[in-house]
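Novice: Quick one: sequence and predicted model below, then my questions.
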Amino acid sequence: MDFNILMYYVFGVVAIGGGLVLLFAKHPIRGAMGLLATMLALAGMYAILQAHSIAVFQVIIYAGAIMVLIIYFIMLLDIKSEDYLQPFSKLFWIGAPILVLLAIFFIYKLYSAIGGQQSAFSDLSSTSFPDKSPANFGGIKVFSTNLLTKYLFAFEYVSTLLFAAIVAVISIVQLDWKGRKNE
Amino acid sequence: MSNPLTDFILGSGGIFTLSIVILLFAIGSITFIFRRTLLHMLMAVELMLNAVNLSLIYFSRLHQNHDGQVLSLMIFVVAACEVAVGIAIIVQLFKRTSTISVEAYTQERG
């Protein structure tokens, strides 16, 4: 078996395991570690899927910036142990199996929709895109050219969203506990 | 054309990848609905966004099209904004009640 394919399976299993750690961990810092494992495993999957720039962004932005922010605030908040003595809602043992069954049903429908043929995705791809592995797919050059020409408006628009989020965070943090503005 | 990785991605890797996506999204939604801790709920939203990102990247590779990669970069920025605002709201709520359990926030009840 090719090493990349083996690592793809390993990364997929690690991603699911990290999600389960997030679900069942009592303390939030353990859940954050599970989420971090999921994000790094997904970065590996992106790299195998030839989205190298997205894999780098996943490590830098998600694992580097967002998770550091979350872990920093988990450590900043003085969380007492009685906050997570009852980690799950009372309906967990009713609702969670329903959602798991729904997920299994979706996977079954996905598998039966292609009729068990392993080449169904390949056929789907080859009908409209005959060249299956062009050399210039992926890579930062094509990606950034697309980002700054075809998607320039979306790029600027999402930067506006980032600016709005900064203003929102500043105005939320300024409030005191009665909802008045702190002087 | 006999690259085993390409054959895998276009063949049996599709079912595996989409199963991973569905399972990660299900785990994220179970965590969001049934965990009673604000920080777990915030991280569960991140997990669901990551699952959607994986499907975007996979289909971008399948169709040899870069639109999915650009869209997943936009999702990164949206996730960053959401975490910043969510953390600020959690800090404000924690300053009020000194707990992160959602059982304490019942004043919104009708």
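Specialist: Yep, it's here.
Novice: Quickly find the element holding the residue nearest to the spatial centre of chain A.
Specialist: Central residue of chain A (Cα atoms, centre = their mean): A:Met39, 6.1 Å from the mean position. Taking DSSP states H and E as the criterion, A:Met39 maps to helix A:28-48.
Novice: That helix packs against which elements?
Specialist: Helices and strands touching helix A:28-48, as assessed by 3 or more Cβ pairs under 8 Å, 6 or more residues apart in numbering or on different chains; DSSP states H and E, comprise helix A:3-24, helix A:52-57, helix A:67-76, helix B:38-62. Every C-beta, even on glycine, is put in place using the N, C-alpha and C of the backbone.
Novice: what's the angle from the third one to helix A:28-48?
Specialist: Here helix A:67-76 points in a direction 170 degrees away from that of helix A:28-48 (axes from the mean of the first three to the mean of the last three Cα atoms, to 10 degrees).
Novice: and residue 78, how many neighbours does it have?
Specialist: I'll assume chain A. Neighbour count of A:Asp78, defined by other Cβ atoms under 10 Å in any protein chain shown: 7.
Novice: meant chain B, my bad for not saying
Specialist: As a burial measure, B:Val78 scores 14 neighbours (other Cβ under 10 Å).
Novice: how near is it to A:Ala164?
Specialist: B:Val78 sits 11 Å away from A:Ala164, going by Cβ to Cβ, to the nearest Å.
Novice: tally of neighbours for B:Phe94?
Specialist: With other Cβ under 10 Å as criterion, B:Phe94 counts 20.
Novice: go on, A:Met33?
Specialist: Count around A:Met33 with other Cβ under 10 Å applied: 17.
Novice: Please list all residues in contact with it.
Specialist: A:Val21, A:Ala25 (Cβ atoms under 8 Å, 6 or more residues apart in numbering or on different chains).
Novice: quick one: it from A:Val56, how far?
Specialist: From A:Met33 to A:Val56 the distance is 22 Å (Cβ to Cβ).
Novice: same deal with A:Asn146?
Specialist: On the measure of Cβ to Cβ, A:Asn146 and A:Val56 end up 16 Å apart.
Novice: Likewise for B:Ile15?
Specialist: For B:Ile15, the distance to A:Val56 equals 27 Å [Cβ to Cβ].
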